[in-house]
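> Okay, here's the prediction I keep looking at, along with the sequence it came from:
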Amino acid sequence: MTKRLTLWTLPIAFMLAVTGCSAEQSSESTDSASGQAQSQKASPPAGEGKAGKLSGEQIEAIAKNLLDGDQAVQVIGNAQMQQQLKIAKEADLPSGIKPEKCAELNAKYTVTDLTASVSATATSSSQAVGKVVQIFALTDDATRHNISKALKLDDLEGCEKVKLQLGGEQIEAERQILPLDVKADQSLTMSTSMDAGGGQTLTSVAVQALKGDKFVLVTLQTGTQQAAELSAQAVQLTDQAFAGLEAAQ
């Protein structure tokens, strides 16, 4: 995974390394799209299949609609998400995080198990911005509690600037918690900037929000826009996701 495909902004489960990584993974997504569709038709959704009144198909449609009109939209439904969430559950956290205290902070605010959910991911890519939208309808209280606990992170405790090893490369990232208003019970918005090489700086914004038993994660990445521009778009998509979930019920 290259720096350009990396969205290391999340204190909660480094989900994007497994379930999308970046909207700019279009070549990989295109190759797997037909196989994904066949897999979903051949077998029923894993796990519960429904959370509340929402089915996997409904959640997939909501995620897809959020990026309607974008370029190169790819959607991962619940069946494939369950496979990837099981991998994420067993995956190691990023190594070599420095300073050491930041590795400890990361571990404290990481949720690696989101298998108790019905979920979908939608991604899109353009020259301007890459987008990843992930929607989870949680099916047990323990998972909701773990996410709620992680979302209480409100101080990076001197870990605004960190270094980590990823894909054999050392990456330097600068992070900031953004105090933005999201229409949810709890939310955490974080911006990250890092050197992508060649004089390019990548900026990403991740909004993680919990409302009832629904968890929404929206990540936007760009090499041309500022965090303020991205954050407004990310919050809007998050609010729209919850509105879609409520309307579907």
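Here it is on my side, so go on. The structure presented is a predicted model; accordingly, all values stated were derived computationally and were not measured. Residues are numbered from 1 along each chain as shown.
> Which of the helices and strands in the chain ranks last by mean pLDDT?
When each helix and strand of the chain is scored by mean pLDDT, DSSP states H and E, helix 16-19 comes last, with a mean of 29.
> in its sheet, what does the strand or helix carrying D195 sit against?
Secondary structure assignment for D195, by DSSP states H and E: strand 186-197. Its sheet considered, strand 186-197 pairs with strand 169-178 (antiparallel), strand 200-211 (antiparallel) by DSSP bridges.
> for this structure, which spans come out with low pLDDT?
The chain contains residues with pLDDT under 70 at 1-52, 166.
> repeat that for 80
Low-confidence segments of the chain (pLDDT under 80): 1-53, 91-95, 165-170, 195-200, 224-225.
> how about the strands in it?
50-51, 54-55, 74-76, 95-98, 117-125, 130-138, 161-166, 169-178, 186-197, 200-211, 214-222 (DSSP state E).
> Any idea which residue is closest to the centre of the protein?
What sits nearest the mean C-alpha location of the chain, by Cα atoms, centre = their mean, is L217, with 4.7 Å.
> For the longest helix seen in the chain, which helices and strands make contact with it?
Using DSSP state H, we find that the single longest helix of the chain is helix 227-248. Helix 227-248 is packed against helix 56-66, strand 130-138, strand 169-178, strand 186-197, strand 200-211, strand 214-222, with contacts defined by 3 or more Cβ pairs under 8 Å, 6 or more residues apart in numbering; DSSP states H and E. Every C-beta, even on glycine, is put in place using the N, C-alpha and C of the backbone.
> and it, how far from the chain's centre?
Computed by Cα atoms, centre = their mean, to the nearest Å, the chain-centroid distance of helix 227-248 equals 13 Å.
> how much does it deviate in direction from strand 214-222?
Helix 227-248 runs at 150 degrees relative to strand 214-222, counting by axes from the mean of the first three to the mean of the last three Cα atoms, to 10 degrees.
> Look up the closest residue to R144, ignoring the ones flanking it.
Distances taken as Cβ to Cβ, 6 or more residues apart in numbering put L138 closest to R144, at 4.9 Å, once the chain neighbours are dropped.
> quick one: contacts for the one you found?
Listed by Cβ atoms under 8 Å, 6 or more residues apart in numbering, the contact partners of L138 are 51, 114, 116-117, 144, 147, 213-215.
> E172 too?
If a contact means Cβ under 8 Å, 6+ apart, then E172 has 161-163, 194-195 as its contacts.
> I'd assumed R175 was in contact with L188.
No - L188 is beyond contact range of R175, at 11.5 Å (criterion: Cβ atoms under 8 Å).
> more crowded one of the two?
A count of neighbours by other Cβ atoms under 10 Å puts L188 above the other of L188 and R175, at 24 against 20.
> what pairs with that one across the strands?
Beta-bridge partners, per DSSP bridges, of L188: Q208.
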